[in-house]
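1. got a predicted structure here, sequence first:
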Amino acid sequence: MPVRIEWDNPQQTILHVCYEGQWTWKEFYDAAKDCAALASTVPHRVYIIAEMSGGFLPQGAPFVHSEKVMKQGNGNMGFVVVVSSNRFINGLMSVSSRIVPKWGEKYCTATTIEQARALIEQDQQKIVV
């Protein structure tokens, strides 16, 4: 299965979405729907770690597809941390944040899962304070 979704922690505050091998935009949209459904089962904010280290972007405009998913946002969804060491993906994320200001509020990048968790933890600390 090219896209796998599971809770990253027992508190169910982080969903880990792993994109493996070749996946499609339909699978991307299905994963977004599944994440929204899982997030709706808990009363608190839910963040997403989108691990793209082992996958390949499908043909098409990633910015357009990601923007569509961003607009469908669920009320208790936090931001998405895209984990990749791929320069193209990281560059695309950086450019997107500059073109669409709201993009930077919903998406950020990390090069490791641990770094992604640290970014989420920082945001969670802001909410508690």
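-> Ah, there it is.

2. is it fair to say Leu15 lies in a strand?
-> Yes: Leu15 forms part of a strand when assessed by DSSP: H, G, I helix; E, B strand; the rest coil.

3. give me the nearest residue to Ile89, chain neighbours excluded.
-> Met52 (6.0 Å; Cβ to Cβ, 6 or more residues apart in numbering). Glycine gets a C-beta too; all of them are placed from N, C-alpha and C.

4. with Ala118 instead?
-> Of all residues not flanking Ala118 in the chain, Ala110 sits nearest, at 8.0 Å (Cβ to Cβ, 6+ apart).

5. bridging residues for that neighbour?
-> Val83 (DSSP bridges).

6. which parts of the protein are helices?
-> Remark: helices assigned in the chain by DSSP state H are 25-39, 62-71, 87-99, 103-106, 113-128.

7. what residue is smack in the middle of the chain?
-> Closest residue to the average C-alpha location of the chain: Val80 at 3.2 Å, with Cα atoms, centre = their mean.

8. grab the nearest non-local neighbour of that one.
-> Nearest residue to Val80 in three dimensions, chain neighbours excluded: Ile48, at 4.4 Å (Cβ to Cβ, 6+ apart).

9. list the contacts of the one you found.
-> Residues in contact with Ile48 (Cβ atoms under 8 Å, 6 or more residues apart in numbering) are 14-17, 35, 77-81.

10. try it again at 6 Å.
-> By Cβ atoms under 6 Å, 6 or more residues apart in numbering, Ile48 lies in contact with 15, 17, 35, 80.

11. closest one of those to Phe28?
-> Nearest to Phe28 out of the contacts of Ile48 is Val17 (Cβ to Cβ; 9.4 Å).

12. no more questions from me, cheers.
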